[in-house]
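**Q** below are the sequence and a predicted model for it; my questions follow.
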Amino acid sequence: MILSRFSLNKGLRAFGGFSSSVRNVRAFSDDKDKEQKLNTEGETKDNNIIPKPGKKKFKKAAPVKKEGNIEEAIEDVANLIQQKGGPKKEKVQAELLSKLLGHINATGEQKAPEMNLSDLISGMKVEAEAKKPQSFRGQYVRKTMEGMKKAVESRPRYQNQNRRDMKAHPNTGSVNLFGDKGLNLFQESILKDVPSLCPTWDYLEKRDLKIAVTHPPANYFEEMILWTEQGKLWKFPINNEQDWDSEANVDFSEHVFLDQHLEGWCPTKGPVRHFMELVCVGLSKNPFVTAQEKKDHILWYQNYFEDKKELLEKLIIDVSESKPKQLDC
Amino acid sequence: MSLIRVSTTLNSLRQSSLRLSTVISRWKSTEAAESIEIPNRIHRSPTAILEALASTVGRDPTAPHYKYHDDPYMVPNSNMTKRTYAMAQESGRKAAKWIKENNRELFMHSEAEPPIAAFAPEMVFTEESEVSEQTLKDLIQQCEITDAVFVYNLMKTKGIEIDDALKQSLLELVCFYNNSEPISEEFIEERWFKQGAANRDRLSKSWKDGDLAEQLFNELPKTAQSYSALIRGMCKYYQVERAYALFHESIEKQIELDTKTFNSLLLVSSFIKESGEMRWEFCVDLLRQMKERQLRPDIGTLNAALKTISTIGHHKLCRTGAIKVLSEFKAIGIEPSLGSYCYVLNIFCREKGPTSHVLVDILNEIQGKEFQIQDIRDTSFFVTAMEICRNHLHDKNLAKKLNELLHTGKNYDLIGDSYKESVYYRHYFGLLCRTEELETFMETYNHLVPNIYIPEPGIMEEILKAVEVNGALELIPRLWTDMTVFEHVNRESLVLQVLKIMQENKPMLNLEKHQGLNEQFAKIADNIYHKIADQDPIKVQKLSFSGQMLGDIISLLVRGAENQKAIDVFKFAEDHQHSIPGTPNESVLLELVDACIEEKSPSVAISCLQYSVENNMNGLQLADKIKKGFTLNENHLAKVNHLVNEK
Amino acid sequence: MSQLTRFLERNLQNPSLRLSAIQIRHLSSQAEEEKSFDDEEFRVLNLRPTQVQRQQRRVYKKDEPQPPRTKVMPVDQDWPNVWPGPRTFHPASVPLPLRQGFTEKNAPPPSKYGNAELMKIPNFLHLTPPAINRQCEALKKFCTPWPKNLETAEKWEKHFPVEIVKSDYCHALPSVRQPEARKVSLKIKLSNLKFDKHSKDKFLRLVGDRYNHENDVLTIQTDRCPTKKQNYDYAQYLLTACYYESFEVEDWEATKSLADMEVYEFEHNKSKISTEAILNWGSSGDKKKVDPGFAKSVETLINEGENEYNLKKYKEESKKLLGLK
């Protein structure tokens, strides 16, 4: 693009005559520009429609031969550029024309909308059929016109579109979306935040919105994200205790210090105590059982020993009685 | 406070588990000599890293969408196949789910820890199921409506107490979905391809009167919550009169409603009042009521107001109204969302109204910003905007700006479903092929087609037109292949257009890019001929020949030096001349005679002449040509003269 | 009518086309019948039923597949976009002319199409250096900078004397639970804790094997509880408990005898008595005290074991003691 613009300028400078006519056109267009600017300023607020610089404008513009001059001149320039090894002729022509006509149409704020070469020529040729040399370009344009005419005839329902599509609408002026002072209803000060009355509804709505923007995954990572959210994939960084809620809240003391469960029912001395302490030590070293199960295990013993209380008492007394005899032996 | 240093140690044996990370942390000693600030660990969600990685992956233009199998035999190349393949995958998933549900006893094992709910068969509630309030709560959370309703009824029959909050929750659920089951969350493809059918049905009243929602409403005490739930539901499903009646009832009873309920009423105000003026008045009145109650409006209010305004016919009133509303809400600090801009575009850029370049201002306002979905109407923004660029403004720079916006950040999520996406690109292409140079347009074409967007036949026509205008004949074979792949060749208009372009524009043999075009054109013509000739006779929609078409084909074949084939086609035309409407051009016959001369078959040439004479075409030129070209024997000569003199 | 005529003509022209329409079958059967009558010969009796003309199944003309997309890939494309995740090798998507496999004599290795060898092996096409670069850049936002004043290992130890080691394991199983993951180990250098003589001795006895004399590191490894957190708490508890317990003096500690002593102290041992006896042999009155250097050398010799230096020192001290040169 840079190259083309550079060569374009060179081309322009090379043709003094051409540039003068361009200048003329430009001068003319500047006046129109100012006119339009005034219009824009005066009417922006109410957003009334500014008169379109359309075909009408061309009719009021410079007489035909000037435009014919321009066309020829553009072709010559384009030829020159192409000879010098620049870009394609059609492209150059299109650019030149758009540059020229951009001045006529721009409101000064936005970029000039670009127009098709064929549309332009059709617009220009409103008054008279200027006889141009049979150039490659012209042949195509003429064919297109014929073709388009045929197309328009054979498919009337597209007619409107065809007519419209031929040129980009020039800017009708900017709309200040926030310029009005509004309804003067709400003031920040008096508003208060009321919590929503239907929380379930809000939740459902949010879910609906989320689903509306969920698209089929577009790459491997998005698929993994989807699966993680559905619970099919482990969460990274890998936590071997993921979602293990039952154990997460249990303190270590409930696993290790099981003597507390012996309080109240277990005698402080004797074989039962001995046994129960061993049970407690064993259980405390077991990491595969939940704390609740350990407690239940121990309390089961409580019930068990309660049941067997009489038998135990008998046994213990016997043992304590028999002990001195044994020692003697 | 602890310092975390992560080091990874990989085990050499693949079988044993990998020690993923050894976290070594240290405790701070009690003496803090120098100040050491340890930054806090940046909290990340389970998918945060994946999302970060996903953001590094862009789009590969040559690849089909990720969901399709990436194999040349299995890549879909037309709109029909795209839809078919995606839905086939989805139906496979549905089939798997069905099998799982029907053979529940085989799938009860769950060796996964933590258990994967998605793989276990779903809960089935029967008459004997043990249900409690918690089950109902869970079901509402998962949006299982039929199950929730069933459980509710079950609980009623069993006499289990259901507290009011839960009933309210159930009421809201039923209202939201109008007591019908929505598409399950996991069937993404189905939603993607829903083709906007749902939107079209919405406009008619579909609220189920006297159904469960209202029953629940009657059972509950009449609080603000129940009123607002019911009003919202009725408005959503267009039961407007009763919603409005309820609204009045609630005002009489001094019940305080909240913002969202007002929003839902605003949304349907176009059904309550008839004329534009009245609608505007009603809208303002509702807003005033909100102000009296000191309710803070939100983005929903703005969008609802704009929607009502967009239904007003008179363009001046609606434009001024829209701007008033926008400024008002901006003053409170509510930024318009894409949905509001969509409504604004609808208001300003109407087909039958004057043109407006409000889109330029909107784009200036939102250029480069990333949007989250805030309102269900946000998804229509890009489609509407592109349509306006094409039909209303014909501005390709604006379209390009819009396209850029679509591709910033995660805005592509807001394209909606596949239907909206295809419409968006349809407008984009339609605009570009008319206003942009063919080369740049072809770049975009190569980039987007066929994986992101496949042009519809209408757009294909426009592209062909543009190609014709620019004389870029070398693109025709490429476009023809595309057309065959996209299954457009059943469209008569397209086929005719292609033939016409090829026939009318002779390739310039001195141009390098036009080398070999004649042969390619001949191939295409041959293709077309055989395609139509070999069509299955029982087929309902089939293409039939016309004289013009055959003429084009013949001429192309001749130019491509396929004289024999041309002669075959001509013979076919001749044999069926009674069943084929129209006749080829004279120029075609001239070319054909040239071909006959090359092929040295005077009989064909004479039958040519006969054909032309029978169809009232000027045979003199032909006859001259024949006489000059051939050395005819007496029979032929006599016949020629006879034919010519017959006229 | 024209449709039918066209139909018939086409069918007459192409005898290969099987006729499926009823009318045509009717016509054809008529033709056959006519033929049979024309022959004027015995009609052939066919015991075996004639093969019914199979209805031509609709031949779905399959479209030709597109050429592999490697042909349209531009040379300067963004490879991480093409191959973002781990994926089995696919020849139509990888634009490299790879060959792999067993070569028969004078034949080139098999090409990439239909090559199971290339598909079997894991490929790392998704981890090319630019891809890794990009991913690292994207992940940087989750990283915090290394704190200042903590560059060297000595500084770490100075500020953070306690070291905790926890592990997580990755494995390919449906269940994420791993019993090895619950183990927590706590390391600390005892020089960071304040002890007096008694408490140090007691502490070391309490802790036992977990203390490494060579580098003065105490390691407590816990795995009694099911979860990491519980084990961590337990390890902390153990350290605290042992420390404070070591300062407590129990009654029965007074019964510490010479056999329980962990270090050799010259003062309380027989050696002193013997040495003094030697020194003061035969003399009465002033009891010469043993040279503290000698005492020390004996202690070191027995506590630290015998090595060159200790023996030498002992030798010198003994010589000094005995007044030898």
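**A** Yep, it's here.
**Q** straight-line length of stretch B:485-496, end to end?
**A** Distance between the boundary residues of stretch B:485-496 (C-alpha to C-alpha, to the nearest Å) amounts to 17 Å.
**Q** got the buried residues for that stretch?
**A** B:Val485, B:Phe486, B:Glu487, B:His488, B:Val489, B:Arg491, B:Leu494, B:Val495, B:Leu496 (16 or more other C-beta atoms under 10 Å in any protein chain shown). (C-beta placed from N, C-alpha, C; glycine too.)
**Q** and those, which two are the farthest apart?
**A** B:Val485 and B:Leu496 (19.5 Å; C-beta to C-beta).
**Q** before we move on, the earlier item: nearest to chain C, out of the buried residues of stretch B:485-496: which one, please.
**A** B:Val485 (6.9 Å; C-beta to the nearest C-beta).
**Q** check contacts around the residue lying closest to that closest one once chain neighbours are set aside.
**A** Of all residues not flanking B:Val485 in the chain, B:Asn77 sits nearest, at 4.6 Å (C-beta to C-beta, 6 or more residues apart in numbering or on different chains). By C-beta atoms under 8 Å, 6 or more residues apart in numbering or on different chains, the contact list for B:Asn77 reads B:Pro450, B:Ile454, B:Val485, B:Phe486, C:Asp63, C:Gln66.
**Q** flag the least confident of those.
**A** Least confident entry in the contacts of B:Asn77, by pLDDT: C:Asp63, with 68.
**Q** for A:Val281, see how far away B:Arg377 is.
**A** Distance of B:Arg377 to A:Val281, computed by C-beta to C-beta, to the nearest Å: 68 Å.
**Q** please say which of these two ends up with more neighbours.
**A** More crowded of B:Arg377 and A:Val281, by other C-beta atoms under 10 Å in any protein chain shown: B:Arg377, with 21 against 12.
**Q** so who does the nearest residue to B:Gln548 once chain neighbours are set aside touch?
**A** Closest residue to B:Gln548 apart from its sequence neighbours, by C-beta to C-beta, 6+ apart: B:Gly582 at 5.3 Å. Counting by C-beta under 8 Å, 6+ apart, B:Gly582 touches B:Ser546, B:Gly547, B:Gln548.
**Q** nearest to B:Glu439, of these?
**A** Using C-beta to C-beta, these come closest to B:Glu439 at B:Gln548, 31.5 Å.
**Q** burial measure for the one residue in the stretch 151-300 of chain B that gets nearest to chain C, as a count.
**A** Going by C-beta to the nearest C-beta, chain C is nearest to B:Ile188 of the stretch 151-300 of chain B, at 18.8 Å. Using other C-beta under 10 Å, the number of residues around B:Ile188 comes to 20.
**Q** over to the one 4 residues further on?
**A** Using other C-beta under 10 Å, B:Trp192 is surrounded by 21 other residues.
**Q** my read: it touches B:Met87, true?
**A** No. B:Trp192 is beyond contact range of B:Met87, at 9.6 Å (criterion: C-beta atoms under 8 Å).
**Q** mind checking the backbone torsions on the closest residue to B:Pro455 other than its chain neighbours?
**A** Once flanking residues are discounted, B:Pro455 sits nearest to B:Phe429: 6.0 Å by C-beta to C-beta, 6+ apart. When read as degrees, to the nearest 10, the backbone of B:Phe429 gives phi -60, psi -40.
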